[in-house]
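A.B. asks: Sequence and computational prediction follow.
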Amino acid sequence: MKKLGRVFAVAMLAANGLWAEAAELNVPPEGYVALFNGKDLAGWRGGTTENPLERLKLDPKERATKDKASLEDIQKHWRVEDGELINDGQGLYLTTNKDYADYELQLDFKISPKADSGIYLRGVPQVQIWDYTEAGGHWKLGADKGSGGLWNNPADAPGKNPTTLADKPIGEWNNFKITIVGDTVTVVLNDKTVVDQARLHNYFAKGQSLLPAGPIQLQTHGGELRWRNVFLKETPRPLPDTGKLEAGKPTGEGWERLLGGTDLSGWKYTQERWTLKDGLLVGDYAGGPKHEYIYSEKEYGDFELHAVVKMKGEGANSGVCIRTKPTDFDNVPGYQVDMGPGYWGCLWDERRDGMVAAYPKALADKLVKADDFNHYYVVARGHHIQAWLNGVKTIDVVHPRGIDKGSLAFQLCHGNKHTHLEVKDLWIREAK
């Protein structure tokens, strides 16, 4: 009888269309990842309406301490029940630990009467959510037009208000599909486009572009909100034409070839570690207590850089180093566009902040050509650092704590490693 009862229950769920929903809840479609796992708050911290740039200025340890303290607050006001993420309308905003650049975000939300909330993109407010009824109390602010607008845009800016009222009745589930590419946002609410390719204005720096990446935040504001099926698909930023090489040469004017001569004049190095022949720089180091670098006498600030590199050796590790401030051949503080197992595609701040922008090893392994030449294209403008590895963007970060001008360098790593490095087609174009 118990078995027959279970069969009957399953049949009733299926008949009412609820079984599929329960089975698929918080399981991402192909190509997407789930930001909410349906079980707990893993992957999230607490945040508020704060300039993401100011957060980036914090010392990494100070930032980590702040994030850890925020967890106590979100545990008070956020909970998970039956695969639903629930906020009581108070406390810090639920904020992703990871920053995201361009993406499509899908999620379901259910609002309670008089509630008011929103979704922050790259830490910037906001895609609006609120009670659209007159009883909700926000008609004077535009709630009568519905949810989905870029509410913090200027009053006359496109996207400020949704083009149509697409909300479902209060207490029912709604679905968002939000796309952001650059500063341009499209919002689809319940299969209706309510914002069509409108610019999301920078709330914190009027007239300036958004940061290239930032957190996603679920706002808390005055009433219970429920969330589920929070899925994200990142959109890679393509390699620009200036990031391509043709027959070993970049396109366009103003490029300077480095290492194109017959000697290493203009560079500081130890002769037993580094040699140049026919435009190929070769470094070899069997490891030891100190690093071995070669670095340029000239310093560079803002620029584009091409470096075609090949590395091999037991435990080999190196880096295309930019904006460095060497004191000797071992101590070379500054950025490394990194090279090595688990480090390809990452940005490391040597002797300073450490890992600035990580790139997953599993993805890097698909990009790197083992025992062959690999191409890095690097763009440094102000505190914005970008890099593409073999045509795929792996670094896109603003790091206001970084050095803004310094030498180019290449590293042979210390320790129990043997690093053999070859560099060719090294080109730079300084910003005007």
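C.D. replies: Good, I have the coordinates. Residues are numbered from 1 along each chain as shown.
A.B. asks: hey, let's count contacts and neighbours off CA atoms from now on
C.D. replies: Will do.
A.B. asks: Show me where the stretch 1-150 of the chain has its strands.
C.D. replies: 33-34, 44-47, 78-81, 84-87, 93-96, 103-111, 116-121, 124-130 (DSSP state E, counting those that start in this stretch).
A.B. asks: Quick one: the ones you listed as JSON lines, columns for mean pLDDT and distance to residue 179 too.
C.D. replies: Shown next, in JSON lines, are those (pLDDT from 0 to 100; distance: least, CA to CA, whole Å):
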{"stretch": "strand 33-34", "mean pLDDT": "98", "distance to residue 179": "15"}
{"stretch": "strand 44-47", "mean pLDDT": "98", "distance to residue 179": "21"}
{"stretch": "strand 78-81", "mean pLDDT": "97", "distance to residue 179": "26"}
{"stretch": "strand 84-87", "mean pLDDT": "97", "distance to residue 179": "22"}
{"stretch": "strand 93-96", "mean pLDDT": "98", "distance to residue 179": "17"}
{"stretch": "strand 103-111", "mean pLDDT": "98", "distance to residue 179": "4"}
{"stretch": "strand 116-121", "mean pLDDT": "96", "distance to residue 179": "10"}
{"stretch": "strand 124-130", "mean pLDDT": "97", "distance to residue 179": "11"}
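A.B. asks: Identify, by residue count, the longest strand of the chain.
C.D. replies: Identified as the longest strand of the chain according to DSSP state E is strand 419-430.
A.B. asks: Domains of this structure: list them as residue ranges, please.
C.D. replies: 24-234, 241-430 (automatic domain parsing).
A.B. asks: possible to save those as JSON lines with mean neighbour count?
C.D. replies: Listed next are the domains of the chain as JSON lines, based on neighbours: other CA atoms under 10 Å:
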{"stretch": "domain 24-234", "mean neighbour count": "19"}
{"stretch": "domain 241-430", "mean neighbour count": "19"}
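A.B. asks: Identify the residue nearest residue 305 in space, chain neighbours excluded?
C.D. replies: residue 428 (4.5 Å; CA to CA, 6 or more residues apart in numbering).
A.B. asks: Quick check: bridge partners of the one you found?
C.D. replies: residue 256, residue 305 (DSSP bridges).
A.B. asks: got it, and residue 409?
C.D. replies: Beta-bridge partners, per DSSP bridges, of residue 409: residue 295, residue 321.
A.B. asks: And it, how far from residue 228?
C.D. replies: Residue 409 sits at a distance of 48 Å from residue 228 (criterion: CA to CA, to the nearest Å).
A.B. asks: quick one, what contacts residue 49?
C.D. replies: Contact analysis of residue 49 by CA atoms under 8 Å, 6 or more residues apart in numbering lists 123-125.
A.B. asks: ok, now residue 361?
C.D. replies: Going by CA under 8 Å, 6+ apart, residue 361 touches 341-344.
A.B. asks: Include pLDDT when you put those into a markdown table, please.
C.D. replies: Formatted as a markdown table, the contacts of residue 361 follow (pLDDT from 0 to 100):
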| residue | pLDDT |
| --- | --- |
| 341 | 94 |
| 342 | 94 |
| 343 | 97 |
| 344 | 98 |
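A.B. asks: out of these, which one sits closest to residue 261?
C.D. replies: For the contacts of residue 361, the minimum distance to residue 261 (CA to CA) is 28.4 Å, reached by residue 344.
A.B. asks: The residue lying closest to the closest one once chain neighbours are set aside sits in which helix or strand?
C.D. replies: Excluding the flanking residues, the one nearest residue 344 by CA to CA, 6+ apart is residue 338, at 5.4 Å. Using DSSP states H and E, residue 338 sits within strand 334-339.
A.B. asks: If you count contacts, what does whichever helix or strand comes after that strand end up packed against?
C.D. replies: Next in sequence after strand 334-339, counting helices and strands by DSSP H and E, comes strand 347-350. Contacts defined by 3 or more CA pairs under 8 Å, 6 or more residues apart in numbering; DSSP states H and E place strand 347-350 against strand 334-339, strand 354-357.
A.B. asks: Which residues does the longest one contact?
C.D. replies: Going back to what we said before, that points to strand 334-339. Against strand 334-339 from outside (CA under 8 Å, 6+ apart): 317-325, 344-352, 387, 402-403.
A.B. asks: Same question for stretch 343-356.
C.D. replies: 59-60, 332-339, 357-359, 361, 364, 368, 387-389, 394-395, 399, 402.
A.B. asks: Stretch 137-154 now?
C.D. replies: Outside stretch 137-154, the residues that reach it (CA under 8 Å, 6+ apart) are 114, 125-134, 159-167, 187-189, 194-195, 200-201, 203.
A.B. asks: tell me how far that stretch is from the chain's mean position?
C.D. replies: In terms of CA atoms, centre = their mean, to the nearest Å, the centre of stretch 137-154 is found 29 Å from the chain centre.
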